[in-house]
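Engineer: After the sequence you'll find the predicted model.
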Amino acid sequence: MTTTTLTAGSTGAARATDATARPKRDPRMRQSRILGALFLAGFLVYGSGSSIVASLLGGADFLVTIGPLTSLLALGAFLMLLNTAVDIAKAVIFVPILERHSRRTALTYLSAILVQVVFLSIGALAVLMIVPLSTQPGAAGATTVGTVLAELNGMAYQIGQMTLGVGATFVCVLLLRTGLVPAWLAWAGLIGYPLHVAGTVAELFGVPIGLYLTMPGFFFELAFPVWLLIKGFRAEPFHGPRMAPATH
């Protein structure tokens, strides 16, 4: 009995010693890499889906031509919808990191992501509604409805991206102020996102310059996740501002 007690006590003490001796794992690189991978995943998933959809809905008589390719169109819409899960996962990881420095910026980013997800999902659902419509391309009004659904997808994309661009601009201000990433990278986003917003507004008013104004933001969207995967957020600002010592 005594031996058992001693053994159990010794084991417990050894575990406590091991736990004390074992250095705590810093979550910085793990969270940075997950966030970087999610940024790239969203970029690839939505980009692939929207490219497929754009290639199939580009012509004036697309309802006739996509007849044998409806499965491919549905795949494109599915990939666009899949981006919703990726964006929500990004917010789950990123918002707590932002909140350590500014609750207002974190809430702004979260709101922008949610609005973007809603609009991008509306666009993807509009594309899915074209699939059954394409089985009867000669039906009365089918071409008009198909065109409206395709336009709805494009408009929902522009509104979603405009909202995200506004929220991401505030995030880049925080990145620059806190030093979570190098200043050049934060400046790339600060230049890219306002131009992206301007491009989406121009597209909504029928001025086709959105693609050109997307390029600077495109650079940030690629450079930011690659930086997170390789270097991660800087250690000191990642853990948040230091608390001031209490005074009595």
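Structural biologist: Great, that's in hand.
Engineer: Please tell me the pLDDT value assigned to the closest residue in space to Ile209 that isn't next to it in sequence.
Structural biologist: Among residues not flanking Ile209 along the chain, Ala202 sits closest, at 5.1 Å (CB to CB, 6 or more residues apart in numbering). C-beta here means a position set from N, CA and C on the backbone, and glycine is covered the same way. With respect to pLDDT, Ala202 scores 94.
Engineer: does the residue nearest to the spatial centre of the chain belong to a helix or a strand, and which?
Structural biologist: Of all residues in the chain, the one closest to the mean position by CA atoms, centre = their mean is Asp87, 4.1 Å from it. For Asp87, the element it lies in under DSSP states H and E is helix 70-99.
Engineer: Are there helices or strands packed against that helix, and which ones?
Structural biologist: Under the contact definition 3 or more CB pairs under 8 Å, 6 or more residues apart in numbering; DSSP states H and E, helix 70-99 sits against helix 27-56, helix 103-133.
Engineer: Give the next helix or strand downstream of the shortest one.
Structural biologist: The C-terminal neighbour of helix 27-56 among helices and strands, as given by DSSP H and E, is helix 62-65.
Engineer: Quick one: list the elements packing against that next one.
Structural biologist: Against helix 62-65 (3+ CB pairs under 8 Å, 6+ apart) you get helix 142-178.
Engineer: Summarise which helices and strands the helix it packs on is packed against.
Structural biologist: Under the contact definition 3+ CB pairs under 8 Å, 6+ apart, helix 142-178 sits against helix 62-65, helix 103-133, helix 183-204, helix 210-230.
Engineer: Let me know which of the ones you listed is the nearest to Thr163.
Structural biologist: helix 103-133 (4.4 Å; CB to CB).
Engineer: got the buried residues for that closest one?
Structural biologist: By neighbour count on 16 or more other CB atoms under 10 Å, the buried set for helix 103-133 is 105-106, 108-110, 112-113, 115-117, 119-130, 133.
Engineer: if we can go back for a sec, for the helices and strands packed on helix 142-178, could you give me JSON lines that also reports distance to Val173?
Structural biologist: Shown next, in JSON lines, are those (distance: least, CB to CB, whole Å):
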{"stretch": "helix 62-65", "distance to Val173": "42"}
{"stretch": "helix 103-133", "distance to Val173": "8"}
{"stretch": "helix 183-204", "distance to Val173": "7"}
{"stretch": "helix 210-230", "distance to Val173": "13"}
